[in-house]
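Trainee: Everything below, folded, please.
(one chain, ligands or ions: 1)
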Amino acid sequence: MNDTKRVIVALDYPDQISALKMADQLDPEKCRVKVGKELFTRAGPAVVEALHGKGFEVFLDLKFHDIPNTTAKAVRAAAEMGVWMVNVHASGGRRMMEAARNELEQVNGAQTLLIAVTVLTSMERQDLADLGLDIEPLEQVKRLARLTESSGLDGVVCSAQEVKPLRQIVSPGFQLVTPGIRPADAEVGDQKRIMTPGEAIIAGSTHLVIGRPITRAEVPVEALHRIEQEILAAR
Ligand SMILES: O=C(O)c1cc(=O)[nH]c(=O)n1[C@@H]1O[C@H](COP(=O)(O)O)[C@@H](O)[C@H]1O
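Mentor: Got it, this is the predicted structure:
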């Protein structure tokens, strides 16, 4: 894969000032940033605009999951903000994903990448059982990845643990974006299906979404640097 910007730093902060303070320590030539539900709910489109102003490509992670029309219009709003990538939940189904995809075609010829979350990396088999799904996360991830690709989307969010088996069933250009990344010495927290940055790169993750191991580190830039070194060594 030619893309050298493999890391997406999750700016999970409660306000724009903290998020931009972190962004100012990052190099937009080396990584991308993610704006998620907490930051966007507090700071809105202004924070996306500010990050664009600093030269960052933004993954707007609002994981839309609604009826086809509502999801499509929300995805349109994201594309009109000029974000690099936006996501929906694959469990919203084929018609929802196709509606979102078609809407993006109309906005900017689908320049904005559209991906779908399969099974959250914080979930394990028991969580699926609670939902009435008596299968391994990998099986559900495969099912949703097939559905996502055949609905015309650009990729999925999954655990790096699932990347190898997924590569065998999706096309080479399909994006496999993996959160749940934990350097060997990092706290696991609420994540369940995790991998180290090096392992994720070796497995073939397209992009690594990393939040707390960088943003909660004593010196975030040093933590990022160590991760970058690990990625370089793995490549
Ligand atoms: O869509 C996502 O980005 C996402 C999907 C998923 O399955 N798991 C997951 O952790 N994420 C996001 O990835 C980030 C991971 O952050 P850390 O666990 O702090 O590294 C968070 O912002 C999550 O919202």
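
Trainee: near the ligand, anything from the strand ranked longest in the chain?
Mentor: Identified as the longest strand of the chain according to DSSP state E is strand 58-64. Yes: Strand 58-64 lies within reach of the ligand by CB under 6 Å from any ligand atom, at 61, 63. For the C-beta atoms, the positions are set from N, CA and C on the backbone; glycine is no exception.

Trainee: Give the partner strands of that strand in its sheet and their orientations.
Mentor: strand 31-35 (parallel), strand 85-89 (parallel) (DSSP bridges).

Trainee: Now whichever residue of the chain sits closest to the ligand: closest residue in space, sequence neighbours ignored.
Mentor: Residue nearest to the ligand within the chain: Gly211 (2.7 Å; CB to the nearest ligand atom). Spatial nearest neighbour of Gly211, excluding adjacent residues (CB to CB, 6 or more residues apart in numbering): Ala10 at 3.3 Å.

Trainee: At the contact with the ligand, which residues of this protein appear?
Mentor: 10, 12, 36, 61, 63, 87, 117, 120-121, 157, 179-180, 191, 209-213.

Trainee: Please flag which of the residues you listed sit within strands.
Mentor: Per DSSP E, strands hold the following members of these: 10, 61, 63, 87, 117, 157, 209-210.

Trainee: Quick one: the helices in the protein, in order.
Mentor: Here the chain has its helices, by DSSP state H, at 16-23, 37-43, 45-53, 68-80, 94-108, 125-130, 137-150, 163-167, 197-203, 212-215, 220-234.

Trainee: Minimum distance to Glu187: which of those helices has it?
Mentor: helix 212-215 (7.2 Å; CB to CB).

Trainee: Quick check: mean pLDDT of that closest one?
Mentor: For helix 212-215, the mean pLDDT works out to 98.

Trainee: before we move on, the earlier item: is it possible to get a markdown table of the helices of the chain that adds mean neighbour count?
Mentor: Below are the helices of the chain laid out as a markdown table (neighbours: other CB atoms under 10 Å):
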| stretch | mean neighbour count |
| --- | --- |
| helix 16-23 | 17 |
| helix 37-43 | 16 |
| helix 45-53 | 16 |
| helix 68-80 | 19 |
| helix 94-108 | 18 |
| helix 125-130 | 12 |
| helix 137-150 | 19 |
| helix 163-167 | 17 |
| helix 197-203 | 22 |
| helix 212-215 | 22 |
| helix 220-234 | 16 |
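
Trainee: Make JSON lines out of these and add distance to Lys30.
Mentor: As requested, those are exported to JSON lines (distance: least, CB to CB, whole Å):
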{"stretch": "helix 16-23", "distance to Lys30": "12"}
{"stretch": "helix 37-43", "distance to Lys30": "21"}
{"stretch": "helix 45-53", "distance to Lys30": "15"}
{"stretch": "helix 68-80", "distance to Lys30": "24"}
{"stretch": "helix 94-108", "distance to Lys30": "25"}
{"stretch": "helix 125-130", "distance to Lys30": "34"}
{"stretch": "helix 137-150", "distance to Lys30": "28"}
{"stretch": "helix 163-167", "distance to Lys30": "22"}
{"stretch": "helix 197-203", "distance to Lys30": "14"}
{"stretch": "helix 212-215", "distance to Lys30": "12"}
{"stretch": "helix 220-234", "distance to Lys30": "7"}
